[in-house]
Structure formats: C-alpha cells, structure tokens
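> Kindly return the folded structure for what I paste below:
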Amino acid sequence: MATTDDAGTAAAHGSRSPGQEQGQGQGPSQGRTRSRPEFRNGRPTLTRERIARAALEILGEAGPSELTMRAVGARLGVSPRALYNYVADRRDLLKEIVAVCQGDRPRPQLDTARWQESLRAYCRALRAWYRAHPGMLALARAEDLTPFASTEMSRPDDALVGFFLDLGLSPRNAYRAWTITVLQVSGFTEVWDAWHDRPPAGADPAAWTGVPPDPTADAQLPHLRRLAAASAAEPPDDLFETVLTMLVAGVEAMR
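This next block holds a predicted model:
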C-alpha cells in the first residue's frame with residue numbers, strides 16, 4: 001500500500017563527494033532511497049499509514065464518535081492542519097483506515113486434505129486480527145465504508161468460499177459456511193473478547209461469565225445458577241475452541 005512520504009534520498013554510508021550528493025559517479029549500492037525516520041524532533045514522522053494507525057488506536061479506545069481529525073492530531077502530537085498534507089478530509093482518513101486494516105488481515109492458508117485443523121487455524125488468525133483492530137466493527141456500523149471496498153480486499157473471503165466449495169459444499173451451503181464462520185469469529189471477539197480485552201472501568205474481566213452473580217437469583221434462574229462454577233473455569237481461549245468445534249461439526253454436516 002502506497003503512503004505519502006516527503007522523505008528525500010538518504011546519504012550513502014561513508015563520506016561522499018559533492019558529485020555523489022547529486023547521484024553522479026555512484027555504484028549500484030549507492031544513491032538508494034531509505035525509509036523515513038520514525039521520529040523527528042521527538043514527534044512521529046507523518047505518513048498516511050501512521051495517521052491511520054493512530055486513528056485505529058482511538059477507535060479501539062473510544063469508539064467511532066471520538067474519531068476526529070483533532071483527536072488524531074493530538075494522538076500524533078501535531079495540529080489537525082498538519083494531517084491535511086496527507087489526508088484530504090475525514091472520509092479520506094476512513095479510506096486509509098480501511099486499507100490499513102484490510103492490509104493486516106490474514107490470508108487464508110487452507111488445505112482441504114486437513115480441512116478441520118486448517119479451518120481452525122484460520123479462525124484463530126482471524127480472531128487475532130479482529131482483536132488487534134478493536135472498534136472497526138463499530139465503525140462499519142456507524143459509517144458507510146462500502147465505497148472503500150476493492151477486489152484486493154475481498155480476496156481472503158474469495159479464498160475461504162473456494163475452500164468450502166472444494167470441500168464439496170453446494171454454492172448455497174458454501175455461502176452459509178462462509179458467513180457463519182465470519183459471524184462466529186467476529187461475534188466472539190466483539191462480545192466475549194471485548195469484555196476481557198477492554199473491560200469497563202472497575203470491572204474484573206475474569207469474573208464475567210454471562211451468568212448473573214447474584215446468589216439470590218437461584219430460585220428465579222435455577223438452570224443458569226447450575227452453570228456458575230463451570231463457567232468461572234472457562235477461559236475465553238477454551239471457549240473459542242468449543243466454538244470452532246461446533247463450527248467444524250456444522251460444516252461437516254453440510255458436506
């Protein structure tokens with residue numbers, strides 16, 4: 001993904017003559033452009049990608065309502081005006097956020113010869129991706145991001161659908177398997193992981209199991225109360241593996 005970068009060419013190692021400064025008399029290893037330093041005068045050097053990643057941090061911490069050019073500038077230690085040298089406006093910023101986020105998305109490494117573990121491994125990678133970009137699902141609900149979609153961004157989904165088709169699923173069942181896979185993984189990270197990764201102030205994420213903690217609810221909720229001890233001993237990772245077991249069984253039933 002191309003990013004805006006106003007860095008100039010770097011100096012070659014060692015001393016250089018004035019002619020070499022202008023690119024004269026240089027060998028193949030000289031005169032190469034180096035990447036821009038990450039910091040200058042104690043501040044992050046701006047690029048479109050760095051601005052987008054700062055915006056992603058704000059999304060994860062405060063949600064879409066707090067995503068403003070002023071907030072992004074403050075996060076980077078620059079004025080909002082400085083951002084407009086790299087992004088045209090807030091919509092352009094959203095476009096770059098989507099591009100950066102999708103660029104981080106894992107590419108399916110799926111193998112029909114070992115399809116169950118292959119699907120599990122991809123779902124684990126997909127879960128990690130969602131957890132690394134908190135707030136993106138909320139942004140997709142709050143803003144129309146469809147104009148920023150592209151063929152390249154859809155390649156992971158196309159590969160996953162092709163995997164299900166190669167397993168022998170009909171087009172309708174491949175569609176179901178694809179959408180349910182995404183819904184299971186994204187839903188788990190949006191609800192269960194979000195509580196444990198970013199709990200409300202003062203809350204103990206380890207104590208949250210979905211079962212009401214009030215012991216006086218025994219009579220009104222007898223079946224949920226029976227689950228209290230078992231649910232307290234179920235870490236999110238273990239629960240997610242159970243989700244994958246049910247997903248694999250569902251795919252197997254459609255073959």
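> Please make it C-alpha for all contacts and neighbour counts, starting now.
Noted.
> The nearest residue in space to residue 93 that is not next to it in sequence in helix, strand or coil?
Counting by Cα to Cα, 6 or more residues apart in numbering, residue 87 is the residue found nearest to residue 93 once chain neighbours are left out, at 5.9 Å. Look at residue 87: counting by DSSP: H, G, I helix; E, B strand; the rest coil, its state is coil.
> how close does the residue nearest the centre of the chain get to residue 127?
Geometric centre of the chain, nearest residue: residue 133, 3.5 Å, by Cα atoms, centre = their mean. Separation of residue 133 from residue 127 (Cα to Cα, to the nearest Å): 10 Å.
> now the helices for the stretch 1-150 of the chain?
18-21, 48-62, 69-76, 80-83, 90-103, 115-132, 136-142 (DSSP state H, counting those that start in this stretch).
> how much distance is there from the fourth one to the middle of the chain?
The one in question is helix 80-83. 25 Å (Cα atoms, centre = their mean, to the nearest Å).
> all strands for this protein, in order.
If you assign secondary structure with DSSP state E, the strands in the chain sit at 39-40, 43-44.
> Mean pLDDT lowest where, among those?
With a mean of 56, strand 39-40 has the lowest mean pLDDT of the strands of the chain.
> Contacts only, for residue 111.
By Cα atoms under 8 Å, 6 or more residues apart in numbering, the contact set of residue 111 is 118, 163.
> Can you read off the backbone torsions of it?
For residue 111, the backbone dihedrals (degrees, to the nearest 10) come out as phi -130, psi 110.
> Any stretches of this protein with poor pLDDT?
Filtered on pLDDT under 70, the chain yields the residue ranges 1-44, 206-207, 210-218, 229, 232-233.
> That concludes my questions; thank you for your assistance.
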